[in-house]
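[1] could you work out the structure for the sequence below:
(2 chains)
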There are 2 protein chains.
Amino acid sequence: MSNPKVIGIDFGGTSVKLAVVEGAELLTEVHRIPTQEYRGPDALIEAIVGEVQTIRESHPTVKAIGIGVPGAVDFSKGVTYNLTNVEGWTDIPLCDRIREKTGLPTVLDNDANCMAFAEWKFGAGRGFHNVICVTLGTGVGGGLILNDRIYRGSAFAAGEIGQMSIDYDGVDGPYGNSGALERYIGNRQIEEMAGEMYREKGLPVPENHTPEGLADLARGGDAVAGEAWERVARYLASCLMSTVYLLNPDVIVVGGGVAYAGSILFDPLRRRLKESLTVECYDNLSVIPAEFGNTAGILGSSAMAVDFVQSPPVI
Amino acid sequence: MSNPKVIGIDFGGTSVKLAVVEGAELLTEVHRIPTQEYRGPDALIEAIVGEVQTIRESHPTVKAIGIGVPGAVDFSKGVTYNLTNVEGWTDIPLCDRIREKTGLPTVLDNDANCMAFAEWKFGAGRGFHNVICVTLGTGVGGGLILNDRIYRGSAFAAGEIGQMSIDYDGVDGPYGNSGALERYIGNRQIEEMAGEMYREKGLPVPENHTPEGLADLARGGDAVAGEAWERVARYLASCLMSTVYLLNPDVIVVGGGVAYAGSILFDPLRRRLKESLTVECYDNLSVIPAEFGNTAGILGSSAMAVDFVQSPPVI
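    Down below sits the predicted model:
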């Protein structure tokens, strides 16, 4: 079955990005709409539809639209529950609204699921049956491919790795979930933890102690930065270990800004997983970086659109 | 499709139990072979085959055999990796051995998966798409039904809820897995914890402070026993909360001896889950006791045998 052309949309808090996609290939440049310049869903949907119609003038054969959004959705209805960092998007029937104005089948999912789908279809998770994707950034998100299908859960809320607990008596998460991983290894939390570690040792806090800055420092031999990354790996490994005992996947794909630390993160992460998993679980497991960065949302949402038109889900 | 008659076998450390099953109904009494009286797999397999042939004399139409074992298996090959509390069962091709001698298709899985399958097909998880089963006893085990299929994982090792961590810096588990749930709420651990709690308060330790004894005491108003169960619920809730954030199931089915505590366990467990989950996850979730006790292994293994002959897995 050849790949139809579709439009992939990555709806972010800063910008809505659109492109025409065929398979894993972008056929156009990425069009951008600045999210915050539009007040409320009506105006932004109007802008998205306008951009879609512009794109269709040069690509009249696009068959469907896929959208990834930063927040909870009802996949079966194509409705957003609420979006992180974008106000006014509670219970918006985004798919219907776009379909009505464009005539194109439209599918909607959260951005972590789109990322997981892209990595599984075209990237680091290609060819595996059971794939755990985790994204490390301001927040910690995740998406699951199980038995060769994206697994969304009963209320389309699965994959919330950042809300899993690594300490029953730990730091409070946003929903009363004590020990939520996100509260240990979100961007800001890493920065704060490292700052505290420098101060405890009576050392000056480096100006750039973001995850990226800390990775550079650790690679340059800075002991505190190295120790900070050891702690990040320890927290993350605890959660991923639990995930592996529960799901026994083939592969864990780690993406997001924090993952750019590379071996500074992956070496201690793999070592800790090896030390805490059964041989049968670890020997079967790969822990690898994501292949796609900024384009994962567009690639994943467009791949979902292709699936949707080729085999509409029975729900 | 009518249910064929099959033989379900629950291979336990104390006894191997066999019965003829049709659907969820046992058509015979439960036959028992004392596991420890047979030295090594050869003698025990011989005894099992003998019992199967005896059973077939009165039930000549049985179509298949299902076996649940207490330990890790290769489901696709029908081989036991190793069994808990039964020596000598490493790499035994149990299915082939029984098939060769009986001529019947034979399928093998671990006992927690059999329990989950029984509860999903016939019991507390009936009609749900996504079911987490957890068994609380000497150890803590689990089985998963996801998207209306039993989920076994890439090396048939999924569902090990007892090995998930509730504390990245906690009590060591058997595989170096710090904070392993089983090391907090296994039978023996509950007993030790409660004993310690009585002693800390300068109170005499009740003679029967097993989970069962503690449940009776708590129901009778014993404050320390009540507090012990609160702690058990807290540990279990932390792990199940993580499981729900990851898998967003319809239902959690709780079985095993510890679950007989009833509302002494379930009330604080549900309360803590409600306090730590998003509304969309909790509103969609039931937390209920298992329906089957001792017969879960026979019912689940026989149901797997039925599935196996009706639609052999493609692996």
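
[2] is the longest helix anywhere in chain A positioned near chain B?
    With secondary structure taken from DSSP state H, chain A has its longest helix at helix A:223-247. Yes - judged by CB under 8 Å from any CB of the partner chain, helix A:223-247 comes into contact with chain B at A:234, A:235, A:238, A:239, A:241, A:242, A:243, A:245, A:246, A:247. All C-beta spots, glycine's among them, are computed from the backbone N, C-alpha and C.

[3] rebuild those residues as JSON lines, extending it with neighbour count and pLDDT.
    Output for the residues of helix A:223-247 next to chain B, formatted as JSON lines (neighbours: other CB atoms under 10 Å in any protein chain shown; pLDDT from 0 to 100):
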{"residue": "A:234", "neighbour count": "18", "pLDDT": "98"}
{"residue": "A:235", "neighbour count": "23", "pLDDT": "98"}
{"residue": "A:238", "neighbour count": "30", "pLDDT": "98"}
{"residue": "A:239", "neighbour count": "28", "pLDDT": "98"}
{"residue": "A:241", "neighbour count": "29", "pLDDT": "98"}
{"residue": "A:242", "neighbour count": "31", "pLDDT": "98"}
{"residue": "A:243", "neighbour count": "22", "pLDDT": "98"}
{"residue": "A:245", "neighbour count": "28", "pLDDT": "98"}
{"residue": "A:246", "neighbour count": "26", "pLDDT": "98"}
{"residue": "A:247", "neighbour count": "26", "pLDDT": "98"}
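
[4] which residues are in contact with whichever residue of the stretch 201-315 of chain A sits closest to chain B?
    Closest residue of the stretch 201-315 of chain A to chain B, CB to the nearest CB: residue A:248 (2.7 Å). Counting by CB atoms under 8 Å, 6 or more residues apart in numbering or on different chains, residue A:248 makes contact with A:130, A:281, A:284, B:152, B:153, B:154, B:155, B:156, B:157, B:158, B:160.

[5] assign a three-state SS to residue A:68, would you?
    Taken by DSSP: H, G, I helix; E, B strand; the rest coil, the conformation at residue A:68 corresponds to strand.

[6] burial count for it?
    For residue A:68, the count of nearby residues is 30 (other CB atoms under 10 Å in any protein chain shown).

[7] what's the spacing between it and residue A:186?
    20 Å (CB to CB, to the nearest Å).

[8] quick one on the thing from earlier: check which helices and strands the longest helix of chain A sits against.
    strand A:131-136, helix A:182-185, helix A:187-200, helix A:211-219, strand A:251-255, helix A:263-276, strand B:140-146, helix B:223-247 (3 or more CB pairs under 8 Å, 6 or more residues apart in numbering or on different chains; DSSP states H and E).

[9] got the angle between it and strand A:131-136?
    150 degrees (axes from the mean of the first three to the mean of the last three CA atoms, to 10 degrees).

[10] number of nearby residues for the closest residue to residue A:13 other than its chain neighbours?
    With CB to CB, 6 or more residues apart in numbering or on different chains as the criterion, residue A:13 has its nearest non-adjacent residue at 3.7 Å, and that residue is residue A:85. For residue A:85, the neighbour count with other CB under 10 Å is 13.

[11] who in the stretch 51-200 of chain A is up against chain B?
    Looking at chain B, the residues of the stretch 51-200 of chain A close enough under CB under 8 Å from any CB are A:72, A:81, A:128-130, A:142, A:144, A:146-147, A:149, A:151-161, A:163-169, A:173, A:175-179.

[12] buried residues in the helix or strand containing residue A:41?
    Assigned by DSSP states H and E, residue A:41 belongs to helix A:40-58. Across helix A:40-58, burial judged by 16 or more other CB atoms under 10 Å in any protein chain shown covers A:41, A:44, A:45, A:47, A:48, A:49, A:51, A:52, A:55, A:56.

[13] next: stretch A:141-153.
    Neighbour-count burial for stretch A:141-153 [16+ other CB under 10 Å]: A:141, A:142, A:143, A:144, A:145, A:146, A:150, A:151, A:152, A:153.

[14] what's the pLDDT at the residue lying closest to the last one once chain neighbours are set aside?
    Nearest residue to residue A:153 in three dimensions, chain neighbours excluded: residue B:248, at 2.7 Å (CB to CB, 6+ apart). Reading off the per-residue confidence, residue B:248 sits at a pLDDT of 98.

[15] next: residue A:314.
    58.

[16] again, but for residue A:223
    97.

[17] count of residues packed around it?
    12.

[18] how much space separates it from residue B:101?
    For residue A:223 relative to residue B:101 (CB to CB), the value is 64 Å.

[19] again with residue A:132
    41 Å.

[20] and residue A:301, what is it in contact with?
    For residue A:301, the contact set (CB under 8 Å, 6+ apart) comprises A:8, A:9, A:10, A:66, A:67, A:68, A:107, A:109, A:114.
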